[in-house]
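> here is the input, now give the coordinates:
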Amino acid sequence: MKSLFGIILIACILLSSKANAGTQWVNINDASHLKWQITSNGTVWFRNIKDFNSAHNGCCYSYKLDATTAGGKVLWTTLLAKISSSKGISLGFTGIGTNEAPQTLVYVGEH
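Next comes the predicted model:
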């Protein structure tokens, strides 16, 4: 039983480290400076990510969030709270985005 637990623990560690390995983080000191656009299909586009991290590309359709999913609704609600209170937040995207290959917001957190 202990060996099974050990195998599961190692698998969880490997999976979580792999999931975060490609994550591109952007730290925003004041979320009220984040510019965004939401479409009628529930996609939120982040329009000025490069202002907070120069490694990321510029405007306008390189970074997105699907606000129609349960997880997307949680991320969007969290972002709106940070925007309205001018608090800092860290955003984790699946990679460096371009207009041809937009990247998705998958993590938010404190920094």
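
> list the beta-bridge partners for the closest residue to Gly72 other than its chain neighbours.
Nearest-residue entry for Gly72: Asp66, 4.5 Å, with adjacent residues in sequence omitted and distances by Cβ to Cβ, 6 or more residues apart in numbering. Heads up, the C-betas are built off the backbone N, CA and C, glycines and all. Beta bridges link Asp66 to Thr43 when assigned by DSSP bridges.

> unless I'm mixing things up, Asp66 is touching Thr39, no?
No. Assessed by Cβ atoms under 8 Å, Asp66 is found out of contact with Thr39, at 10.6 Å.

> and these two? which has more neighbours close in?
Asp66 (16 against 10; other Cβ atoms under 10 Å).

> any idea how far that one lies from Thr43?
Asp66 sits 6 Å away from Thr43, going by Cβ to Cβ, to the nearest Å.

> work out the gap between the longest strand seen in the chain and the centre of the chain.
The single longest strand within the chain, with elements called by DSSP state E, is strand 103-109. Distance, stretch centre to chain centre, for strand 103-109: 1 Å (Cα atoms, centre = their mean, to the nearest Å).

> Gly72 contacts Thr78, correct?
No. Using Cβ under 8 Å, Gly72 makes no contact with Thr78, being 10.7 Å away.

> between these two, tell me which one has more neighbours.
Taking neighbours as other Cβ under 10 Å, Gly72 and Thr78 compare with Gly72 leading, 19 against 14.

> can you tell me the element that one falls in?
Per DSSP states H and E: Gly72 is located in helix 70-85.

> give me the angle between the helix or strand following that helix and strand 103-109.
Heading C-terminal from helix 70-85, the first helix or strand you meet, by DSSP H and E, is strand 89-93. For strand 89-93 against strand 103-109, the angle by axes from the mean of the first three to the mean of the last three Cα atoms, to 10 degrees is 140 degrees.

> cool, thanks, signing off.
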